[in-house]
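# No sequence on hand, only this structure:
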């Protein structure tokens with residue numbers, strides 16, 4: 001089952017140029033994974049008279065997943081590693097898949113593990129119900 005994962009990156013106090021640079025760095029890492037495509041998230045058409053066709057959301061990426069059950073855990077691990085490598089201002093990556101949202105930032109490793117487990121389990125489930133019994137909040 002194909003799916004699209006939306007990522008929105010932010011950093012406390014960062015200007016749009018810094019967020020765009022951080023987004024490029026994260027995209028390079030995500031491009032190394034076995035996903036269909038990683039592209040900039042667009043928020044609409046460019047203003048009339050410009051050469052662009054679409055406007056990219058600053059800090060936004062769209063990851064096309066052929067098999068969310070296989071790729072989601074790997075993507076989350078890449079994001080967590082990327083967030084932990086550089087000290088400094090607080091960074092947050094907001095993941096959205098099928099209406100569910102997971103935000104990763106400065107939570108403890110234990111808290112992040114539990115949230116990630118719930119998020120991945122929900123989207124790796126092949127059952128009819130959205131939450132497997134073991135993962136109900």
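Right, received. Where do you want to start? If you're wondering where the values come from, they're calculated on a predicted model, not measured in any experiment.

# Do a quick rundown of the strands in the chain.
3-11, 37-45, 54-65, 91-97, 100-104 (DSSP state E).

# List just the one of those that sits closest to residue 85.
strand 91-97 (10.3 Å; Cβ to Cβ). For the C-beta atoms, the positions are set from N, CA and C on the backbone; glycine is no exception.

# Give me the residues contacting that closest one.
3-12, 22, 26, 68, 72, 75-76, 79, 82-83, 101-105, 119, 123 (Cβ atoms under 8 Å, 6 or more residues apart in numbering).

# hang on, the earlier thing: would a markdown table of the strands of the chain with mean pLDDT be doable?
Listed next are the strands of the chain as a markdown table, based on pLDDT from 0 to 100:
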| stretch | mean pLDDT |
| --- | --- |
| strand 3-11 | 92 |
| strand 37-45 | 79 |
| strand 54-65 | 79 |
| strand 91-97 | 92 |
| strand 100-104 | 88 |
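
# follow-up on the earlier one: would you list the buried entries among the contacts of strand 91-97?
Neighbour counting with 16 or more other Cβ atoms under 10 Å marks 3-5, 7-11, 22, 26, 68, 72, 75-76, 79, 82-83, 102, 104, 119, 123 as buried within the contacts of strand 91-97.

# what's the span of stretch 77-93, first residue to last?
12 Å (Cα to Cα, to the nearest Å).

# Check which residues of that stretch are buried.
79, 80, 82, 83, 91, 92, 93.

# Pretty sure the second one sits against residue 104.
Yes. Applying Cβ atoms under 8 Å as the test, residue 80 and residue 104 come out as touching, 6.1 Å apart.

# can you list contacts of the helix ranked longest in the chain?
In the chain, taking DSSP state H as the definition, the longest helix is helix 68-85. Identification of contacts with helix 68-85 by Cβ under 8 Å, 6+ apart yields 1, 3, 5, 7, 25-26, 29-30, 32-35, 63, 65, 91, 93, 95, 97, 102, 104-105, 112, 116, 119-120, 123-124, 126.
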